[in-house]
Structures are given as structure tokens and as C-alpha cells.
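A.B. asks: how does the following fold in three dimensions:
(2 chains)
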Amino acid sequence: MDCVDIQKQFDDLIDNRLSAEVHHLVDAHIQGCITCRQALEKERSFRRLLRTYPAPSARPEFTARLITPEKHRRPAKLWQGFAVGVVSTAVASVLIFLMFSVWLSAPMTGKNIENIELAVNEQKTLNLVLNVTQDLPGATLSVVIPNHIELAGYPNQRSFVWQENLVAGNNVLSLPVVAIKAQQGQIVTTVKHGQDQKRFQFMLTVISPRALDKEQVEEAGA
Amino acid sequence: MGTIIELFSHAKQRDKFEALVTPHINHLYRQAYRYTGSQNEAEDLLQDLFLQIYSRRKELHEIEHLRAWLMRSLYHRFIDNIRHRLHDPLLSDVHDNDLDNVVASSNPEQPAENALLHKQLSIALNHLKPEQRAVVVLHDMEGHTLEELHKILDIPVGTLKSRLHRARRHLRRDLEMEPFPAEVRLHS
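C.D. replies: The predicted structure follows:
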């Protein structure tokens, strides 16, 4: 083997991938050849440089955000088949027809309301039905919430924007809200697809415990 | 026909997800950092990956070798991102200046000479094809064998070896660390 042949074996030599026979030949050459010894040392330095290439650990706040992926960029989009018995009254000339229906998940299923009342610290899931007349792939949804409520699991986040593939018919957006303080404000939702945009909103009133007590007293009196 | 958009996942599902993936985060982050050469890009890459796997979190507990599966997912995500970037004129510029703080910030006790070499290495890595860069990271930096990488990435050993060979050749040239003088190399 000459120096050129030896050079070709350097990768496998350092990676311990040479057969015993070739390893012996290469070793023998290197022992007697100062050029190859120096070249091998240079190659080992190159490998050492690669091996010691630094990489820091992840920042703790980044790690914390990472394990709750829906928190940091856009809400997780998880779709399930869902049959809703709500009749759509689509208007043929309008590309997007939003049947803006809001109902509280447990006691008032199916009843459309436009003003919702919650007590401070109360959590309820609001289901928004978006009825569209045709599939809307890649529609942009946005939800903006007022200061007196939070979406469960999203503290201090007031606006959410993400893309969804809406299908013809009813699409239900579930919003678990937590009442923070007694106040009134609107939740504004926008659906955008191409040049078309539809915005809809509803009022959400948070009542203080004192106001609730008063109501209960009045009801009892009546 | 309708669909439901679940904006929020159940807390228990999140806890399970957290327990499964947390032991692997630092390992994946360091890999992402070496793939991309910057903290911001490593975080973006990992965020993309976790958004993707979070949507499949119910399947994760069935995966036998989760770390290897995550490494493979990260590898593909990295390759896809780079290809996407190459086709996007707004993202296609390689900013070597972005690498200015790559090495300097990682180890203040590192000798200045090594820090300089590592900075040069960062720039040289950025000029490699993503597939070549990934195999250098996994083999030469993290110490995985070609056989392990074959199992993890499902890429033939021969392909991996040739990518590694080409990558090293480019790096040696860029770093002026070729083992032989030019007259010897001419014969090879």
C-alpha cells in the first residue's frame, strides 16, 4: 500500500471498520511513514473537532412550552366525526353561511343564545357551530376573547389564530372558558377563506358572587 | 355531516404526553441545534415536530423505541423544512452571520482557538446538503454507528456511508483540514 491507498482507509480506520488484515497493513505503513502519521493525526484532529461541536441544553421555559404544544403557536387541531342534527339554511349566493349558534354544553343543548352569563371562577364549555355550505380547506379561524375571561389552559392569551379544513355542514368549535372577574365583554370569532370573511360575536357577562346572591334572594322572595 | 374542532385537549392526555416525551426533549433539542446551527431554528424545528406528534399522542405509547422514532421524525422534519426553505425565495438566503453567536455562547471555558474552529465548522456545516449534515451530526458528533443509523432512519448503510464520506470531504476542504497535501490527493 502506498500513501494514496492509506489515505482512502482513514475513514474506516478511525471508525473501526477495517478488517483485521487491512488494519494490520495500514498500521504497518503508518509506523514507517511520517507523512501518513502526521496526516492521520490531522484527520483525528478533524474528527475531534466534530465530536466536540457544542450544543446547549434546551431552555427550561422552552421545554415547558413544548410539552403543551397547543399553547405556543396555534391551537391543536383535532378533528372527530360529529353528527349534529341542526338544519342548515344555506343561502346559495353567499359562499360562507355561518349559523352562529352558541349553546352551553350541558343544560341547554341545542338552544341558541346570544348572551351568556357566568359566575366568577365558573368554567363552562361554549360550543360554536359554524355552518358552511361547502368545504373550506385551509380556512383561517380566529378567536379574540375579552379580559374578564380566559380559555382553560391558555392563561393570559387573548387571541388565537389557526387554520382548519372546514367541511360542508356543521363544524363545532369548543371553547372552555373560565370567568376571571365580573364584567361584560364580547367574544369575537372570524372565519376567513380566500377573499371571503365572516365575523360574528356574542356577549359574555360575568356576574360577581354578590350579584348572584342577590338574584337568588329575589327569586326566593318571588 | 359535520365535524368538531377540539381546541383543548384533556389534561390527563397532556400529562401522559408529557411523561412520554420529556425524557427525550434535551436529546432532541441538541440534535436540532446541531442540525440547524442556531437556537431559534432549533426551537422552531422542535416546535414543529411536537405539534405534529402531539396530534398523534394517542399512538405514542404503542411505539416500542420512542427515542429512535422521535429521532427519525426530527430528521425528516429537518429535511422537509430545508427543502421548503429552498423553494421559498423569502427564506432561501443562508445567513452565515446568524452563526456568530452559535459557538461563542455555548461554552465560555472553551479555548479561543477551538471556539474559532467551531465557528468555522458551523458555517461549513451550513453549506452541506441537509442529508449530509444530518449524518455528520448523528455519526461524527453524537457517536451513533452506521448500523444504528440504518435502524433509526431506515436508510441503507451504503447510502449513509457515502453521504458521510462526501460531507467530511466538503468539511475538510472548507476548514482546510485535509490530511494530505494537494499533490498526494491528486493521485486519489
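A.B. asks: can you list the low-confidence ranges for chain B?
C.D. replies: B:1-14, B:86-113, B:180-188 (pLDDT under 70).
A.B. asks: go again with 50.
C.D. replies: For chain B, applying pLDDT under 50 flags the ranges B:1-2, B:8-10, B:89-108, B:186, B:188.
A.B. asks: hey, where'd the helices end up in it?
C.D. replies: Taking DSSP state H as the criterion, chain B carries its helices at B:11-36, B:39-54, B:57-60, B:66-86, B:112-126, B:130-135, B:146-153, B:157-175, B:182-185.
A.B. asks: cool, and chain A?
C.D. replies: Taking DSSP H to define them, one finds helices in chain A at A:3-14, A:20-32, A:34-51, A:60-66, A:209-221.
A.B. asks: what residues does the first one touch?
C.D. replies: Identification of contacts with helix A:3-14 by CB atoms under 8 Å, 6 or more residues apart in numbering or on different chains yields A:1, A:17-18, A:22-23, A:26, A:29-30, A:33, A:35-36, A:39-40, A:43-44, A:47, B:164-165, B:168, B:179-180, B:184-185, B:187-188. All C-beta atoms are positioned from the backbone trio N, CA, C, and that covers glycine.
A.B. asks: give me the average confidence score over it.
C.D. replies: Helix A:3-14 comes out with an average pLDDT of 89.
A.B. asks: just the CA trace of that helix, in CSV.
C.D. replies: Coordinates of each C-alpha in helix A:3-14 appear next as CSV, following Å, rounded to 0.1, in the frame of the first residue of the first chain:
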residue,chain,number,x,y,z
CYS,A,3,0.2,6.8,0.8
VAL,A,4,-2.7,7.3,-1.5
ASP,A,5,-4.2,3.8,-0.6
ILE,A,6,-3.6,4.6,3.1
GLN,A,7,-5.5,7.9,2.7
LYS,A,8,-8.5,6.0,1.4
GLN,A,9,-8.6,3.9,4.5
PHE,A,10,-8.5,6.7,7.1
ASP,A,11,-12.3,7.0,7.5
ASP,A,12,-12.7,3.3,8.1
LEU,A,13,-9.6,3.1,10.3
ILE,A,14,-10.9,5.8,12.7
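A.B. asks: in it, which residues are buried?
C.D. replies: A:C3, A:I6, A:Q7, A:Q9, A:F10, A:D11, A:D12, A:L13 (16 or more other CB atoms under 10 Å in any protein chain shown).
A.B. asks: contacting residues around the nearest residue in space to B:R133 that is not next to it in sequence?
C.D. replies: Among residues not flanking B:R133 along the chain, B:L125 sits closest, at 5.5 Å (CB to CB, 6 or more residues apart in numbering or on different chains). B:L125 sits next to B:R34, B:G37, B:R133, B:V136, B:L171 when contact means CB under 8 Å, 6+ apart.
A.B. asks: same deal with A:V144?
C.D. replies: Contacts of A:V144 (CB under 8 Å, 6+ apart): A:R158, A:S159, A:F160, A:I187, A:V188, A:T189.
A.B. asks: if we use 6 Å, what do you get?
C.D. replies: If you count contacts by CB atoms under 6 Å, 6 or more residues apart in numbering or on different chains, A:V144 has them with A:S159, A:V188.
A.B. asks: can you tell me the closest non-neighbouring residue to the residue nearest in space to the middle of chain B?
C.D. replies: Centroid-nearest residue in chain B, with CA atoms, centre = their mean: B:Y35, separated by 3.0 Å. In this structure, B:Y35 finds its nearest non-sequential neighbour in B:F78, 4.8 Å apart by CB to CB, 6+ apart.
A.B. asks: can you report how many residues lie near the one you found?
C.D. replies: Neighbours of B:F78 under the rule other CB atoms under 10 Å in any protein chain shown: 24.
A.B. asks: also A:Q157?
C.D. replies: Neighbours of A:Q157 under the rule other CB under 10 Å: 13.
A.B. asks: give me the phi and psi for it.
C.D. replies: Main-chain dihedrals, A:Q157, degrees, to the nearest 10: phi -100, psi 120.
A.B. asks: what residues are bridge-paired with the nearest residue to it once chain neighbours are set aside?
C.D. replies: Sequence neighbours aside, A:L151 is the residue nearest to A:Q157 in space, at 7.0 Å (criterion: CB to CB, 6+ apart). Bridge pairing for A:L151 (DSSP bridges) gives the partners A:Y154, A:V177.
A.B. asks: what of the one 10 residues further on?
C.D. replies: The bridge-partner assignment for A:V161, based on DSSP bridges, gives A:S142.
A.B. asks: now do it, the pLDDT please.
C.D. replies: Note on A:V161: pLDDT of 77.
A.B. asks: so what's B:D140 closest to, chain neighbours aside?
C.D. replies: Closest to B:D140 by CB to CB, 6+ apart is A:L50, at 4.1 Å.
A.B. asks: span of stretch A:49-67 from start to end?
C.D. replies: Criterion CA to CA, to the nearest Å; first-to-last residue distance in stretch A:49-67 is 33 Å.
A.B. asks: typed the wrong thing, it's stretch A:129-142
C.D. replies: From its first residue to its last, stretch A:129-142 covers 14 Å (CA to CA).
A.B. asks: flag every buried residue along it.
C.D. replies: Those would be A:V129, A:L130, A:N131, A:V132, A:T133, A:L136, A:A139, A:L141, for stretch A:129-142 by 16+ other CB under 10 Å.
A.B. asks: state the pair within those residues that is farthest apart.
C.D. replies: For the buried residues of stretch A:129-142, the farthest-apart pair by CB to CB is A:T133 and A:L141; their separation is 17.0 Å.
A.B. asks: least trustworthy helix or strand in chain A by mean pLDDT?
C.D. replies: Within chain A, no helix or strand scores below strand A:78-82, which has a mean of 27 by mean pLDDT, DSSP states H and E.
A.B. asks: now, of the helices of chain B, which is deepest in the fold?
C.D. replies: Scoring the helices of chain B by mean neighbour count under mean count of other CB atoms under 10 Å in any protein chain shown gives helix B:130-135 as the most buried, with a mean of 23.
A.B. asks: A:I149 contacts A:V177, doesn't it?
C.D. replies: Yes: with contact defined as CB atoms under 6 Å, A:I149 counts as touching A:V177 (4.9 Å).
A.B. asks: ok, these two, which is more surrounded?
C.D. replies: When A:I149 and A:V177 are compared for neighbours, A:I149 comes out ahead with 24 against 20, by other CB under 10 Å.
A.B. asks: any idea how far A:A20 is from the residue of chain A most remote from its centre?
C.D. replies: Centroid-distance maximum for chain A: A:G32 at 62.2 Å, with CA atoms, centre = their mean. Remark: distance between A:G32 and A:A20 (CB to CB, to the nearest Å) = 19 Å.
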